[in-house]
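K.L.:
generate coordinates for the sequence data below:
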Amino acid sequence: MSGPQFIHLQSFTRKTNKKGQSVTQIFGEARRDPEYSAHIDEKERKPPVVVWGMSVAEIEAEHDAMLEHSATTVILKNGTTARRAIRQDRHTLMTAIASFPVPRELVERSQEEQGRYGYWRQKNVDYFRELWGDRVRGIIEHRDEGHLHLHVYGLPDDPDCQARNMNAAYAAKIGELKRLEAEGVDNKEARKAANVLYKAEMRKFQDDYFQRVGIPCGLTREGPKRERKSRRQWQIEKEQARSASDFSLCHRIEATERDRMAAETLKADLMSKMAEQEKLASIARAEARELGLKEAATEFKQWKPKWANDYAKAHSYALNGVIKDEIETVYRDSEGKWQWTLASWVAEEARVTYENIKTAVLSRSGEFLVKLIGILDKLKEITDQFLREDAMQAIDLDLDTFTKDNDFSGPSL
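P.N.:
Numbering: from 1, shown residues only. Below you'll find the predicted structure:
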């Protein structure tokens, strides 16, 4: 939600004006003294919150001390001395009121609006501290009316205690009035021209406040009645001002940064968990492999049938380098081409089967026994067929002789 800016400057005297306002009344209303706070329900009244600088009581005490210190001693015509104090109608206190356009109830129940209000409040503190410097003595906050608002209190630093000079528009008006009177311009015309300049300077002040506080906080320069806007036009302008505010941009940037940081945190967490899972899986694989090799070797030794030894012998004969040349000589035709007889086919199957067994032993133990049974069944069938057809006699080799000369106890697992 957005709305128009509200900023008002006013100085006060110790003498009560036509509206019943005075320095005493201003400080009393700020403190929420009952006699000066009749416009607020007694149950709703809350003491002011000091946003920056002194409390109301401290500012009032400094104001009174300033006036006391500024009193001078003069010599009268009769030779006596008298103490001359600052006039009661001298404007000795400068104030500014800045009101947040969003209703208090909405701010109190919306976390986003509370953030916007806090940003707006700090912008006002920075603005007036730069505008008036050390002359700003305190800034308080009232939270017991329809809209949250700030009161800025300033004290002059000149010997005459002229707080009006803290308003640049008033200072420009007085300077213009003196210039025109010095030029002999009629007093009435001079005042009229000076007032025109005063209004122009106050518009400059409002524009400056709008640039440095209103725009960053998503406020509009004026309300809908000033330019006779329809409700729809006014809502669109408020939303545009809100979206263009520095707070909205910062809020979106902060939200994006929070999302990025959350994503980075989640990514790091996932990577950590993946690394931990991979570490556990690696340990499990190593343990399973070690256990599987032990179990497979034990199982193979206990279960190895006679025909497995026959396979080992056939495999050794087929692949042994000692008889390689003899096998190739016997099984080459007249043209030198290799003859793929039953014996050579069995030898090749034996080699492949041996590699399969070796691979199975090195894999998971759970899968090894299943594969081993199938492999050995196939090997048994091949070996039985090989032995039935007596194919080894075709190469006229003495198996017993080679068995004695070589160790054919089977493949090493």
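K.L.:
so Gly20 is in which element?
P.N.:
Of the helices and strands defined by DSSP states H and E, none includes Gly20.
K.L.:
and the pLDDT at it?
P.N.:
pLDDT recorded at Gly20 is 93.
K.L.:
got the phi/psi numbers for it?
P.N.:
Backbone torsions for Gly20, taken as degrees, to the nearest 10, come to phi 80, psi 10.
K.L.:
start the count at 92 instead of 1 going forward.
P.N.:
Okay, using 92 as the starting number, the last item reads as Gly111.
K.L.:
neighbours around it, how many?
P.N.:
Neighbour count for Gly111, taken as other C-beta atoms under 10 Å: 8. (Glycine included, C-beta is placed from N, CA and C.)
K.L.:
ok, now how distant is it from Gly170?
P.N.:
As judged by C-beta to C-beta, to the nearest Å, Gly111 and Gly170 stand 42 Å apart.
K.L.:
check which helices and strands the helix or strand containing Glu196 sits against.
P.N.:
If you go by DSSP H and E, Glu196 is part of helix 195-200. If contacts are counted by 3 or more C-beta pairs under 8 Å, 6 or more residues apart in numbering; DSSP states H and E, helix 195-200 sits against helix 202-223, strand 238-245.
K.L.:
just want the angle from the longest one to strand 238-245.
P.N.:
With axes from the mean of the first three to the mean of the last three C-alpha atoms, to 10 degrees defining the directions, helix 202-223 sits at 20 degrees from strand 238-245.
K.L.:
re the thing from before, looking at the helices and strands packed on helix 195-200, which is buried most?
P.N.:
With neighbours taken as mean count of other C-beta atoms under 10 Å, the helices and strands packed on helix 195-200 reach their highest mean count in strand 238-245, at a mean of 22.
K.L.:
report the buried residues of the helix or strand that that strand is followed by.
P.N.:
Once the chain leaves strand 238-245, the next helix or strand it forms, by DSSP H and E, is helix 259-273. Using 16 or more other C-beta atoms under 10 Å as the test for burial, helix 259-273 gives 260-261, 263-264, 267-268, 271.
K.L.:
and the nearest residue to Leu246 once chain neighbours are set aside, how many neighbours does it have?
P.N.:
Take Leu246 and drop its neighbours on the chain: the residue closest to it by C-beta to C-beta, 6 or more residues apart in numbering is Arg228, 5.4 Å away. Residues within reach of Arg228, counting by other C-beta under 10 Å, total 21.
K.L.:
quick check, pLDDT for Arg228.
P.N.:
97.
K.L.:
quick check, it in contact with Val243.
P.N.:
No: with contact defined as C-beta atoms under 8 Å, Arg228 does not count as touching Val243 (9.1 Å).
K.L.:
Asn143 contacts Gly229, doesn't it?
P.N.:
Actually, residue 143 is Trp. It isn't Asn. Yes: between Trp143 and Gly229 there is a contact under C-beta under 8 Å: 6.9 Å.
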